[in-house]
Each structure stands twice: as C-alpha cells, then as structure tokens.
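>>> Fold the stuff below for me.
(one chain, ligands or ions: 1)
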Amino acid sequence: MNAHPKKSFGQHFLHDRRYIERIVSAVAPKASDFVVEIGPGEGALTLPLLKAAGKLTAIELDTDLIPDLQARASAAGELHIIHADVLKVNFTALAHSHGVERLRIAGNLPYYISSPILFHCAEHFPAIQDMHFMLQKEVVERMAAVPGSKVYGRLSVMLQLVCRVEPLFTVPPEAFRPPPKVESAVVRLLPLPPDELHDANPDDVYAVVKAAFAQRRKTLGNALKQLLDSDAIRRADVDPGARAETLAPADFVRLAKVHAGRL
Ligand code: SAM
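Have a look, this model is predicted:
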C-alpha cells in the first residue's frame, strides 16, 4: 500500500472516494460479467469492482504492486492478476479461454499509452461488451468530437466508426496521487453491433482519414490528391472544396470505397 508511484508506468493512483464510487456505479458490474481491469495499481477500483462482481481479472505491468494487491483482494472476491503489458494481451483469446462471449473492460489508464490501448482494444471489439476508461480530458474530447469542432480529427472518426463514445464526467487532478498535470475524464465506449459497422476495408479508411487530416486547413481536393482526384471525391458524394473537419465519419467510408474502386 502507498508505494511510491512510478512515473515511467504512468502511475497516478485514484484516492478520492467520490470518483471511485462514480466509476464503479458507471460500470455497474454484475456477478455474471467477466470484468477485466487494465492497470489495477494499488487497487482503488479493483477492490470495489471485485466486491460487486465477485471475480475480476486485472492486467498489471508493475511486478512490485502485485503481491500486495493479491493479498488485499482475498477478502473481496476472486482476483486473477495477469502480469503483462496490456498491449500484448489478446482480449479475444482471453474471452474464449474463459468461455465468455464478451468482456467488460475498465481502467484508469496509464496516459503515456492511452491511444495505443484504445487502438489495441478496437482490434478486439467483437469480444468486448463495453469499456469504461479514465483518460486525459482532452483525449476524451477528441474521441467524442463532432464534425465542425476544432478537436474533431483522426481519433474521432476512427473511433466513432467502430463504437459509440459517451463522455461521462470529468475528474480533477487532486483526485489522484500524485496529481497529473492535466484534467481527466471518464468515458464509456460501446462497440457497434455488426449490423451497424461499415463494410469498407479499415486500411483504406485509415489511409483516407490520415491524409485528409494531415493538413487540416487544406481542401480535400488538395489533401487527398495522392489518393483521389476531384472527380473521384465527387463520386463519393463529397465536395472536393470542403475540409476534412466538416465531413461525417460515413463520408470517409465512401471516400475509402471509391479509393478501393468499390464505388
Ligand atoms: N487503477 C489504479 C488507480 O486508479 O489508482 C492505477 C491507475 S494508474 C493511472 C495506471 C496503472 O497502469 C498503473 O498501475 C501502472 O503500473 C499500470 N500500467 C502502466 N503501463 C501498463 C501496461 N503497459 N500494461 C498494464 N498495466 C500498465
């Protein structure tokens, strides 16, 4: 308990009870759920989640924290700790090996790898029911941004094409030990059901989105010229004189399909 937090592991331990309770009630784990926590740390969320669910799997990279956490959890329920880098954990295999269809994932994420964790989870969305994450507030704003907003960009489009993004509440730096330099926020992510997913090739979508936002101030005709000429952009029902920040996620899907010769 109260280990010296390690900067290199992005350790900011949550200590404010009010926010811990709000996160746990947002997750609202049931005994039938298979809950996975990313980065349990000293167990601020782990123990209440474990009490509510009866069992929990937690993925922690810092070996030093594991024995104490395991000992303190014994009274609360069945805690299984995986000592690993979360980016190397195959969530689909984890679900299958426990005979569950979909995992529920939660975590106060290490901010130095928050985007890689989001993209890693996205690769396993068919095996994930929902996610509740604490992230930098600025990242949550980018994730949830709508067209026309200054912070609407690559992350907003790529994420909104595969999940619903629900920002829940903000958390001030003082709620953590040590306080991070930035405001934080909790977000709920719900992977879209198969019938709401687009049918373009994800690599094509990524290529178009990346090029379109590489120079935000340019028109699409200019920004996409290595991939699509103006006629091709019009074939996707998009104005080549528009800027990327005005397009809806579905517009990028049509551009990707034209790029792949499918429209
Ligand atoms: N959940 C705790 C809390 O709310 O107080 C700790 C949150 S702290 C922001 C992030 C946690 O993620 C730390 O325990 C850290 O050791 C762990 N962590 C950092 N990098 C990780 C990685 N690549 N894989 C798994 N856990 C990691």
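>>> And the spatially closest residue to Asp16 that is not a sequence neighbour, its phi and psi?
Among residues not flanking Asp16 along the chain, Ala175 sits closest, at 3.8 Å (C-beta to C-beta, 6 or more residues apart in numbering). All C-beta spots, glycine's among them, are computed from the backbone N, C-alpha and C. Here is the backbone geometry of Ala175 (degrees, to the nearest 10): phi -80, psi -10.
>>> show me what contacts Asp203?
Asp203 makes no contacts at all, as judged by C-beta atoms under 8 Å, 6 or more residues apart in numbering.
>>> Need the mean per-residue confidence for the helix or strand harbouring it.
Element membership of Asp203, judged by DSSP states H and E, is helix 202-214. Rounded to a whole number, the mean pLDDT of helix 202-214 is 96.
>>> mind listing what's buried in it?
Going by neighbour count (16 or more other C-beta atoms under 10 Å), the buried part of helix 202-214 is 204-209, 211-213.
>>> all helices of the stretch 1-150 of the chain, in order?
Assigned by DSSP state H, counting those that start in this stretch, the stretch 1-150 of the chain shows helices spanning 17-27, 46-53, 66-73, 91-97, 114-122, 137-144.
>>> Just the buried positions in the last one, please.
Residues 137, 139-144 are the ones in helix 137-144 that count as buried (16+ other C-beta under 10 Å).
>>> Format the residues you listed as CSV; extra columns: distance to Thr63 and pLDDT.
Formatted as CSV, these follow (distance: C-beta to C-beta, whole Å; pLDDT from 0 to 100):
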residue, distance to Thr63, pLDDT
Lys137, 30, 98
Val139, 28, 97
Val140, 30, 98
Glu141, 34, 98
Arg142, 33, 97
Met143, 31, 97
Ala144, 35, 98
